[in-house]
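Visitor: Sequence below, structure please.
(2 chains)
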Amino acid sequence: MSLLDVRDLRVSYGGHEAVKGVSLSVGEGEFVAVVGESGSGKTTTANAIIGLHPGDSGEILLNGTDIARWSQRRLRVIRGAQIGLVPQDPSNSLNPVKKVGAQIAETLLIHRHGDKTSRRRRVLELLERVGLDDPARRAGQYPHELSGGMRQRVLIAAAIALRPSLIIADEPTSALDVTVQRRILDLIDDLRQEYGTAVLLVTHDLGIAAARSDRLVVMREGLVEESGGTREVLAAPAAAYTRRLLADAPALSARAFKEPPPQAGPAIVVRDLVKEFGGFRAVDGVSFEVARGSTHALVGESGSGKTTTARIVTRFEKADSGSVEIPGVTEFRRGVQLVYQNPYGSLDPRHSVARIVEEPLRNFRLGDRAARRTRVKELLDRVALPEALLERKPRELSGGQRQRVAIARALAVEPQVVVLDEAVSALDVTVQAQILDLLEQLQRDLGLTYLFISHDLAVVRQISHTVSVMNKGRIVESGTTQQIFDSPQDDYTRELLAAVPEPVR
Amino acid sequence: MRWLSWLVVALVVLWAVVPWLFTGYDPLNGVPAEKLQGPSAAHWFGTDAVGRDVFARVVHGSVHSLSGAFVAVGVGLVLGTLLGLLAGSAGGPADEIIMRLMDVLLSVPGLLLALTVIILLGPGTVNVAIAVGVGSVAAFARLARAEVVRVRRSDYVEAAFGSGGTFVAVLWRHVLPNSLGPVVALAALQFGVAILAISTLGFLGYGAEPPTPEWGLLISEGRNYLATSWWLTTLPGAVVVAVVLAAGRISKEIR
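Guide: Alright, predicted model coming up:
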């Protein structure tokens, strides 16, 4: 008998069925990963299991008892005690006005575990167990005094406080930097081995799922596409969708490195950039060059200064010292364009696609109304969007379509340099792969130079010719993509690479 | 209940536009023989001391109260939004100066401020409307500024600058349209408040001159007969209450 057995679970939100008959099981001490893109119903399934969003029908057997119809009151007895939950977003999941020690103790208190002093002792034990230094001090701190990784550790401590037999972790590391992500996943793995806890991991990242899990459940549009042993599924995926996911996930399709760029003059020359924000050095002596027609990636974790560098290059931020040259560009705003991370925020919600793409043309007074109209159609065609979308508003488009519109807008005035700030990070892997292909094709056709800002080494490996690794405002290492990935010289680069799930290396 | 508030407002607007469709009585010249009659089938709201039909006076008076409220809201909306837009988008010293001025306006009670402006401009329907409008400038400016600051931080505004947009063009195309929603909702709310304020000033005798059938004035005139003829104050008062509540309800809906 398995620990958890979900049979034909159906869940709907106001008439829309998000989970359409899902069955899965988790054995004692097993690590099961549920993978899928946004909207696949994976989080809804996880929430339904602990009754946070009750299902419409189906069975949820925990140790052979069906808890699907249990009242919230009865469920409270098993939440925390038998099933622990590690939520997605560590910054929103802790109460900002309560000390973290008290928040962990709350789980113990609710389940009437021991007296005050023994609870206190247990909290400190837990904090130490999840790898926080100086537990006594940490317990007295508020969430805002901890980093994202520390907060996630606190949440894990709360989840394992009563040694549940199952931990449900919903995207526990998506909001964290790769090196922190690895440590958190290592921690979950350790705990599993030590306590024999089973783990149900919900993730969009096939790389993580592949590297960590015993069994894999692939979901799509509320249905299980495929499930089985992780190794077997990866080696011989049965469902066409799984095959596509595998091919699209940059971490798992180890493509050949890009050839070093053809020798051409530089398109971007950055020298000794320094930028301080109130005494804090965000960018500290950054220099690099990008050859015309090539892609240069700036890689780093949050706070490394990569985005600030990009904003200085695009002149949305002024450097305190240093220089940025874009040779051959006379009108700056025509020659250099920026594509944002979030395609939902970078398009005016009130404007139609046609108006959005046309705007740069109007700004530079290029052509009359009819000429601009033709050009907009041409641009949409370039980014492979159907003409039918011309009059749509951004909210009527998917994330991938929006990012295509943003790219079309950037291309409207025929720039030489396009700065892409995490431009594919918010997209699902299959959409991400399509956008990356589009970017490569545009580069070939139009001879564009890209400055590609990203935290995702797998994506960087695929698209860039040269790479600079940033840490704490400095560039620690630069070189061709192959040099950086195959023979990293700097310790930080090595640590970053080690954090990337296995298959990409 | 949604339709009810729209119905009330639509009815009052129709009163203002085509009053003769709703009543056959003359609002200014009464029949002295029929003075101070209570509400009846012939005179729905009764008659006043000189025998004028009160319902006819309310219907014909709506044009004064409504147009006054429109002017008041217009003054507040246009001035307030412009000031808020300027403060929110320019930032720095301009922002500080404008918003501190607005704080000063807000610190003076509304009625006192309106009275001060009337004393400066002199009484009269238009002046009363302007006075009430000036009183609402600060509320509009604050709201508009908050919205502008929010929208200005968004990526699409920066993207618009990035694709070569000038300051004015970006403000006009992106910042203003995306900030207006809540401001329009406030305008609907202020419409009700303005009717009330104009009626108050009319009641105090700063608005329209008698015998103009302005709502506030109507209620004020009826005050002398409060003990004997309740309908002279109560029924026009009820109309004002209904319109103010309807405007508030509509504002909530827009928001």
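
Visitor: What residues of stretch B:194-212 count as buried?
Guide: Along stretch B:194-212, these residues count as buried under the neighbour rule (16 or more other C-beta atoms under 10 Å in any protein chain shown): B:194-204, B:206-208, B:212. (C-beta placed from N, C-alpha, C; glycine too.)

Visitor: from those, which is closest to chain A?
Guide: B:Ala194 (28.4 Å; C-beta to the nearest C-beta).

Visitor: Please give me every residue in contact with that closest one.
Guide: For B:Ala194, the contacting residues are B:68-69, B:72-73, B:76, B:129, B:132-133, B:136, by C-beta atoms under 8 Å, 6 or more residues apart in numbering or on different chains.

Visitor: The nearest residue to B:Val54 once chain neighbours are set aside: how many residues sit nearby?
Guide: In this structure, B:Val54 finds its nearest non-sequential neighbour in B:Phe45, 3.7 Å apart by C-beta to C-beta, 6 or more residues apart in numbering or on different chains. When neighbours are counted by other C-beta atoms under 10 Å in any protein chain shown, B:Phe45 registers 24.

Visitor: lowest-confidence helix or strand of chain B?
Guide: Of all the helices and strands that make up chain B, helix B:215-222 has the lowest average by mean pLDDT, DSSP states H and E, namely a mean of 83.

Visitor: Give me the distance between that one and the centre of its chain.
Guide: How far helix B:215-222 lies from its chain's middle: 17 Å, per C-alpha atoms, centre = their mean, to the nearest Å.

Visitor: what's next to that helix, contact-wise?
Guide: So helix B:215-222 is contacted by B:48-49, B:54, B:57-58, B:61-62, B:64-65, B:195, B:198-205, B:207-208, B:210, B:229, B:231-233, B:236-237, B:239-240 (C-beta under 8 Å, 6+ apart).

Visitor: returning to what we had before: per-residue confidence at the residue nearest to B:Val54?
Guide: pLDDT, B:Phe45: 87.

Visitor: My read is that it contacts B:Pro236, right?
Guide: Yes. Assessed by C-beta atoms under 8 Å, B:Phe45 is found in contact with B:Pro236 at 7.3 Å.

Visitor: any shared contact partners between these two?
Guide: B:54, B:58.

Visitor: Tell me the helix or strand right after whichever strand or helix holds A:Leu9.
Guide: Assigned by DSSP states H and E, A:Leu9 falls within strand A:4-13. Per DSSP H and E, the first helix or strand lying C-terminal to strand A:4-13 is strand A:16-26.

Visitor: List the buried residues in that next one.
Guide: Buried positions in strand A:16-26, judged by neighbour count with 16+ other C-beta under 10 Å: A:18-19, A:22, A:24-26.

Visitor: between those residues, which is nearest B:Pro123?
Guide: Distance to B:Pro123, by C-beta to C-beta, is smallest for A:Ala18 among the buried residues of strand A:16-26, at 64.4 Å.

Visitor: which ones are touching that closest one?
Guide: With C-beta under 8 Å, 6+ apart, A:Ala18 has these contacts: A:11-12, A:41, A:44, A:222.

Visitor: Quickly check those for the two that are furthest apart.
Guide: The most distant members of the contacts of A:Ala18, if one measures by C-beta to C-beta, are A:Ser12 and A:Gly41, lying 10.3 Å apart.

Visitor: The helix or strand following the least confident helix or strand of chain B: how far from the chain's middle?
Guide: Later in the chain than helix B:215-222, the nearest helix or strand by DSSP H and E is helix B:231-254. Distance of helix B:231-254 from the chain centroid (C-alpha atoms, centre = their mean) equals 12 Å.

Visitor: who does helix B:231-254 touch, helix- and strand-wise?
Guide: Under the contact criterion of 3 or more C-beta pairs under 8 Å, 6 or more residues apart in numbering or on different chains; DSSP states H and E, helix B:231-254 touches helix B:2-17, helix B:54-90, helix B:176-203, helix B:215-222.

Visitor: Spell out which parts of the stretch 401-505 of chain A neighbour chain B.
Guide: A:406, A:409-410, A:412-413 (C-beta under 8 Å from any C-beta of the partner chain).

Visitor: So, low pLDDT: which residues of chain A?
Guide: A:1, A:251-254, A:260-262, A:502-505 (pLDDT under 70).

Visitor: at 50 what do you get?
Guide: Within chain A, the segments meeting pLDDT under 50 span A:504-505.

Visitor: which residues touch the residue nearest to the spatial centre of it?
Guide: With distances taken as C-alpha atoms, centre = their mean, the residue of chain A nearest its centroid is A:Ser174 (5.1 Å). Residues counted as contacts of A:Ser174 (C-beta under 8 Å, 6+ apart) are A:88, A:203-205.

Visitor: Can you tell me the closest non-neighbouring residue to whatever residue of the stretch 1-150 of chain B ends up closest to chain A?
Guide: Closest to chain A within the stretch 1-150 of chain B is B:Arg150: 12.1 Å, counting by C-beta to the nearest C-beta. Nearest in space to B:Arg150, with sequence neighbours left out and distances taken as C-beta to C-beta, 6+ apart, is B:Ser179 at 7.6 Å.

Visitor: Can you tell me how far A:Gly207 is from A:Ile168?
Guide: 20 Å (C-beta to C-beta, to the nearest Å).

Visitor: what is A:Met219 paired to in the beta sheet?
Guide: As for beta bridges, A:Met219 partners with A:Val224 under DSSP bridges.

Visitor: Isn't A:Gly228 up against A:Ser213?
Guide: No. Checked against C-beta under 8 Å, the pair A:Gly228 and A:Ser213 is beyond contact range at 11.0 Å.

Visitor: quick one on the thing from earlier: could you check which helix or strand contains the residue nearest to B:Val54?
Guide: For B:Phe45, there is no host helix or strand (DSSP H and E).

Visitor: need the contact list for it.
Guide: If a contact means C-beta under 8 Å, 6+ apart, then B:Phe45 has B:39, B:53-55, B:58, B:231, B:235-236 as its contacts.

Visitor: and the residue of the stretch 401-505 of chain A nearest chain B?
Guide: Relative to chain B, the nearest point of the stretch 401-505 of chain A is A:Arg409 (6.4 Å; C-beta to the nearest C-beta).

Visitor: Tell me if that residue really is in a strand.
Guide: No. With DSSP: H, G, I helix; E, B strand; the rest coil as the criterion, A:Arg409 is located in helix rather than a strand.
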